[in-house]
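> Requesting a structural model of the entry that follows:
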Amino acid sequence: MEASRGRLGADATTATTTGALVARARAAALVFLAVTFAAAPVPASAAPARDPSVVVVVDCFGGAHVRPGEYLIACGDGNSRLVGLDWKSWGTRTATATGTNLVNDCQPYCAAGKFRPYPVQVTLSRPATWPARPGTDRYTSLRLVYPDTAPPPLAHDVTYKLVY
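Below is the predicted model:
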């Protein structure tokens, strides 16, 4: 009787070991298939379709926006921001708005400075394909025209290249 128990125990162990091996083989096959298909090239027909009718402006954090109410210009230190943007147009080639540019006067130094408001006319232009999202166009130029006083030391008409 004891011999038969030993034999049954051995068969049960063999079955458990075989089941574990089969489970591992299945898992390895699934991993192999997942890696193979994840690394497979995507045919051009599967690439996202480009929609030139919607152009976005990309913020400092890589977010895409259409007609944003505000826009941070000085990404590094936050010392220049467009607020109260009232968009007159948003097209495939340009977008125009009026608003206020809040600029830190950095007097006596930036941490102690005050934000001063400057009325501004805003134009976004030069749409191009956004490298981070190949199916999306983004504006690459920001023009600010100050109808009254410009923040020192800026000129009344300033154009920035948008790199985000």
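> In this protein, which strand is the longest?
strand 115-130 (DSSP state E).
> what are the pairing partners of that one, and which direction each?
strand 95-104 (antiparallel), strand 133-145 (antiparallel) (DSSP bridges).
> same question for the last one, mean pLDDT?
Meaning strand 133-145. Strand 133-145 shows a mean pLDDT of 96 in the predicted model.
> and the next element down the chain from it?
Going down the chain from strand 133-145, the next helix or strand is strand 157-161, by DSSP states H and E.
> For residue 143, see how far away the closest residue to residue 60 other than its chain neighbours is.
Excluding the flanking residues, the one nearest residue 60 by C-beta to C-beta, 6 or more residues apart in numbering is residue 75, at 3.6 Å. In short, each C-beta sits where N, CA and C put it, glycine included. Relative to residue 143, residue 75 is positioned 18 Å away (C-beta to C-beta, to the nearest Å).
> Of these two, give the one with the bigger neighbour count.
Ranked by neighbour count (other C-beta atoms under 10 Å), residue 75 and residue 143 place residue 143 first, with 17 against 12.
> and the more buried one, what does it touch?
122-125, 157-160 (C-beta atoms under 8 Å, 6 or more residues apart in numbering).
> Which stretch among the strands paired with strand 115-130 is buried most, on average?
strand 95-104 (a mean of 20; mean count of other C-beta atoms under 10 Å).
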